[in-house]
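Chemist: The following block contains a protein sequence and its predicted model.
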Amino acid sequence: MAFEESRLASPSGADLALYHMPASAEMRGILLINHGLAEHARRYHDFAVAMAAGGFTVYAHDHRGHGATRSPAQLQARFAPHNGITAVLADVAAVRHHAVSRHPGLPVILFGHSMGGLIALNAAAAEPGIYDALAVWNANFNPGLAGRFGQGLLAVERMLKGSDVPSPLVSNLSFGAWARSIPARRTDLDWLSHDPASVDRYIADPLCGFDVTVSLWIDLFRMSYAGARPDRLGRLPPDMPINLVGGGEDPATENGEAMLWLQARMKTAGLRKVTTTIYPHARHETLNDTIREKAIDGFSTWCRTLV
């Protein structure tokens, strides 16, 4: 089963590349997928097929600066010249509105991996109550002092070189460090997954693995620090079901510790239905690692308990 591909005009001005997988069983709800950094939504095809078999109609879109989405002042690896976070959250809301207009009355589950997890939590807090459940996988909302150092480097780079160029310093502190954390690695992308075939597909994909601009790094750090602030988390409904997933060998989330930190932060904020799973032998891309079937089955079961 292939994605149904279309275009969606967002109020932000973006022309979104939209992918839809209709439910192949009795329809239970809507799943909205937010992909990660330097990739695109079509990589979630197998996940969408599995969720469709469980009764969920699935929508995914390429974020600004990624995949086949086009936006004003288009530039790969950048949300927007200004107010990028506002724009990317408006795009998420547009996809939700489109999905709900086609399938009224169904519960909406908002899912995000990595950068998509940053976007999903910020989107849920920006418009509390319009999503019925939230899933945040492999996203770090606690970059700590290292993140503040990175923000300082980005401020200097923006002053000296502008916002629309890659940041080799921050890329080396993030992607480079994560690559070096894997002993006897075959490639510098082995931190993504234990599955060599999955890593090779990512490397061969021309829409993956591009250099991230200073502008986008700045937006990512802002979403990371803002998303888990007590006032933001306090805007979410206390009984909103939340699904957190991490990998015990994921260097991007301190081997899952960032997900446990987020869980504690959410519970302190009064969120009562937070479910957290750390897969001990998973790296960053849970959905493309060797435990993907177990992870998808677990998520599908969790979703079915909601409806």
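Modeler: Cool, the structure landed.
Chemist: what mean pLDDT does stretch 297-307 have?
Modeler: For stretch 297-307, the mean pLDDT works out to 94.
Chemist: Stretch 195-210 too?
Modeler: pLDDT averaged over stretch 195-210 gives 98.
Chemist: Can you give me the end-to-end span of it?
Modeler: 21 Å (C-alpha to C-alpha, to the nearest Å).
Chemist: Stretch 253-272 too?
Modeler: Per C-alpha to C-alpha, the first residue of stretch 253-272 is 23 Å away from its last.
Chemist: Buried residues, that stretch. List them.
Modeler: 253-256, 258-263, 265-266, 269, 271 (16 or more other C-beta atoms under 10 Å). Every C-beta, even on glycine, is put in place using the N, C-alpha and C of the backbone.
Chemist: for stretch 10-20, same thing?
Modeler: For stretch 10-20, by 16+ other C-beta under 10 Å, it's 10, 12, 14, 16-20.
Chemist: returning to what we had before: what's the closest of the buried residues of stretch 253-272 to residue 138?
Modeler: residue 253 (5.7 Å; C-beta to C-beta).
Chemist: Please give me every residue in contact with that closest one.
Modeler: 138-140, 246-247, 259, 284 (C-beta atoms under 8 Å, 6 or more residues apart in numbering).
Chemist: Can you list which of those residues are found in strands?
Modeler: 246-247 (DSSP state E).
Chemist: Tabulate the contacts of residue 253 (JSON lines), appending distance to residue 49 and pLDDT.
Modeler: Shown next, in JSON lines, are the contacts of residue 253 (distance: C-beta to C-beta, whole Å; pLDDT from 0 to 100):
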{"residue": "138", "distance to residue 49": "21", "pLDDT": "98"}
{"residue": "139", "distance to residue 49": "24", "pLDDT": "98"}
{"residue": "140", "distance to residue 49": "28", "pLDDT": "98"}
{"residue": "246", "distance to residue 49": "24", "pLDDT": "98"}
{"residue": "247", "distance to residue 49": "22", "pLDDT": "98"}
{"residue": "259", "distance to residue 49": "26", "pLDDT": "98"}
{"residue": "284", "distance to residue 49": "22", "pLDDT": "98"}
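Chemist: Please pick the buried ones from the contacts of residue 253.
Modeler: Buried among the contacts of residue 253 by 16+ other C-beta under 10 Å: 138-140, 246-247, 259, 284.
Chemist: Turn these into TSV, including distance to residue 71.
Modeler: Compiled in TSV, the buried ones among the contacts of residue 253 are given as follows (distance: C-beta to C-beta, whole Å):
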residue	distance to residue 71
138	25
139	23
140	26
246	31
247	31
259	31
284	26
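Chemist: distance of the nearest residue in space to residue 24 that is not next to it in sequence from residue 163?
Modeler: Take residue 24 and drop its neighbours on the chain: the residue closest to it by C-beta to C-beta, 6 or more residues apart in numbering is residue 52, 4.8 Å away. Per C-beta to C-beta, to the nearest Å, residue 52 is found 39 Å from residue 163.
Chemist: Next step: the contacts of residue 253 restricted to helices.
Modeler: residue 259 (DSSP state H).
Chemist: ok, the contacts of residue 253 vs residue 277, which is closest?
Modeler: residue 246 (7.6 Å).
Chemist: show me the contacts for that closest one.
Modeler: Neighbours of residue 246 in contact, by C-beta under 8 Å, 6+ apart: 137-138, 253, 256, 258-260, 276-279, 282.
Chemist: And it, how far from residue 33?
Modeler: 18 Å.
Chemist: Low-confidence bits of the stretch 151-300 of the chain, can you list those?
Modeler: Counting by pLDDT under 70, the stretch 151-300 of the chain contains no low-confidence residues.
Chemist: Which residue ranges of the stretch 51-200 of the chain form helices?
Modeler: 84-102, 115-126, 144-161, 168-171, 177-180, 196-204 (DSSP state H, counting those that start in this stretch).
Chemist: Counting by contacts, list what the fourth one packs against.
Modeler: Put plainly, it is helix 168-171. Here helix 168-171 touches helix 144-161, going by 3 or more C-beta pairs under 8 Å, 6 or more residues apart in numbering; DSSP states H and E.
Chemist: now do the first one
Modeler: Contacting helix 84-102 under the criterion 3+ C-beta pairs under 8 Å, 6+ apart are the following elements: strand 4-9, strand 15-21, strand 29-34, strand 56-61, strand 108-113, helix 115-126, helix 214-227.
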